[in-house]
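In: Fold the following and give me the result.
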Amino acid sequence: MYDIYSRPGTSYGRGLIILLAMLAMGLFLGGAVSLLVWFAMTGKGLESMEADMGNPAFINALRVIQLVSTFFIFFVPSVIMAYILSKKPFRLLGFNFYFSSRQMGMVALIMLASLPLVGALGELNKLIPVGKELELYFKQMEDRYSDTVKLLANINSPGAYILSLLIMAIAPAIFEETLFRGALQNLLQKISNNPWISIGVTSIIFSAIHMSYYGFLPRVALGVVLGLLFHFTGSLWLAIMGHFFNNALVVTQIYIYTRQGKSVEEAMNETFPIWWGLIGIAALVVLFKFYREFAAQDRKTLVPAETVALEDQWMT
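Out: Okay, here's the model as predicted:
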């Protein structure tokens, strides 16, 4: 037992194995449900699905598939794993409100400060040499990803903007953070007792699963920032807020640019000169110092004493 809410015979090591098994199940369920949604909303068959998904006429089906697939692939496995380990699964995943408004403000500042670093790493990523065959393959992957984003980001009205925020910002923030920070990073932290190992490994997996070579380093950096937001407070909601803020900035920029008659490519151009990355790092170090101090201060007043005792008593 790890605390009074742990189920008999459970351990964080077993929890990691369970999570991996549930992820395999989630991939299957996500794919199956996506196919059912596609057939129901389009009436089209499986043989032409890959080509038809690029058709703007089926954009609503693509949006629903995006929503349900991320729900089954990321969110459901995490909750099942947490339920198997704990009588209070959402508590285990970090769904608590032990934070203040000033911490929320710091999250916004931290995400803004991360933009130069993320953009600079995007430029650095392009400079890493790869063979011509790999370069062609990676470019094709980026083109497919870009085409999907263009379809999902077809924002030509305030209603479409709100819908895009739901599909591209709110849902991914909740579902992805539940898996990567609430489940994976959380388990790795408790198993290794080393936050940098848990944050680093989780951030690499977080970036790799997006299948974007030229966005690999930027997403690793983003994963580290989100991992620190979660680590210093233990509240998953703050990582979700940070993830949402990052995605919402992109969606909002796309909306503004398209209303001005500009292309989605211009709106998605988030690159910065490499030296700007140093400015971003310096700003993040300072901001995280205050964020950590605020978290420690607020913990004394916002977190019940019995909860602190429970969190401190788990054993390896």
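
In: Outside of the helix or strand that contains W196 itself, list whatever touches it.
Out: Here W196 sits within helix 195-208, counting by DSSP states H and E. The contact list for helix 195-208 (C-beta atoms under 8 Å, 6 or more residues apart in numbering) reads 176, 180-181, 184-186, 188-189, 192, 215-224, 227-228, 231. The C-beta positions use only the backbone N, C-alpha and C, and glycine is treated the same way.

In: buried stuff in it?
Out: 195, 198-203, 205-207 (16 or more other C-beta atoms under 10 Å).

In: how close does the closest residue to I279 other than its chain neighbours sit to F272?
Out: Sequence neighbours aside, P116 is the residue nearest to I279 in space, at 5.6 Å (criterion: C-beta to C-beta, 6 or more residues apart in numbering). Distance check for P116 against F272: by C-beta to C-beta, to the nearest Å, it reads 5 Å.

In: Now the common contact residues for these two.
Out: By C-beta under 8 Å, 6+ apart, the residues touching both P116 and F272 are G280.

In: Of these two, which one has the most company?
Out: Taking other C-beta atoms under 10 Å, P116 and F272 do not tie; P116 has more neighbours (23 against 18).

In: How is this structure divided into domains?
Out: Following automatic domain parsing, one finds the domains of the chain at 1-88, 101-316.

In: Now do the same for the nearest residue to L222 once chain neighbours are set aside: its pLDDT.
Out: Counting by C-beta to C-beta, 6+ apart, L222 lies nearest to V118, which is 5.8 Å off, once chain neighbours are set aside. The per-residue pLDDT reported for V118 equals 93.

In: Surely V118 is within a helix?
Out: Yes - under DSSP: H, G, I helix; E, B strand; the rest coil, V118 sits within a helix.

In: picking that back up, of the buried residues of helix 195-208, which is the nearest to L20?
Out: For the buried residues of helix 195-208, the residue nearest L20 by C-beta to C-beta is I205; the value is 11.2 Å.

In: what's next to stretch 25-33, contact-wise?
Out: With contact meaning C-beta under 8 Å, 6+ apart, stretch 25-33 is reached by 68-74, 76-77.

In: Repeat that for stretch 105-125.
Out: 213-218, 220-222, 225, 229, 238, 241-242, 245-246, 249, 270-277, 279-281, 283-284, 287-288, 290-291, 294.

In: likewise stretch 10-21?
Out: By C-beta under 8 Å, 6+ apart, stretch 10-21 touches 1-2, 77-78, 80-81, 84-86, 183-184, 187-188, 190-191, 316.

In: ok, F244 touching L166?
Out: No - checked against C-beta atoms under 8 Å, the pair F244 and L166 is beyond contact range at 10.6 Å.

In: Give me the more crowded residue out of these two.
Out: Higher neighbour count among F244 and L166: F244, with 21 against 13, using other C-beta under 10 Å.

In: so who does the more buried one touch?
Out: Counted by C-beta under 8 Å, 6+ apart, F244 has contacts 169-170, 173.

In: State the helix or strand in which it lies.
Out: Using DSSP H and E, F244 falls in helix 236-259.

In: mind listing what's buried in stretch 37-47?
Out: Residues of stretch 37-47 classed as buried: 37-38, 42, 44 (neighbour count, 16+ other C-beta under 10 Å).

In: and that stretch, how far apart are its ends?
Out: End-to-end distance for stretch 37-47, by C-alpha to C-alpha, to the nearest Å: 15 Å.

In: Drop anything exposed from the contacts of stretch 10-21.
Out: For the contacts of stretch 10-21, buried by 16+ other C-beta under 10 Å: 2, 77-78, 80-81, 85-86, 183-184, 187-188, 190-191.

In: follow-up on the earlier one: can you tell me which of the contacts of F244 end up in strands?
Out: Among the contacts of F244, no member falls in strands (DSSP state E).

In: Which of those residues fall in helices?
Out: A173 (DSSP state H).

In: Closest one of the contacts of F244 to Q260?
Out: A169 (20.5 Å).

In: Pretty sure V68 sits against L36.
Out: No - judged on C-beta under 8 Å, V68 makes no contact with L36 at a distance of 9.1 Å.

In: More neighbours: which of those two?
Out: Taking neighbours as other C-beta under 10 Å, V68 and L36 compare with V68 leading, 17 against 12.

In: okay, the more buried one: pLDDT?
Out: 93.

In: Once you drop chain neighbours, what's closest to it?
Out: Distances taken as C-beta to C-beta, 6+ apart place V33 nearest to V68, at 5.2 Å, with adjacent residues excluded.

In: No more questions from me, cheers.
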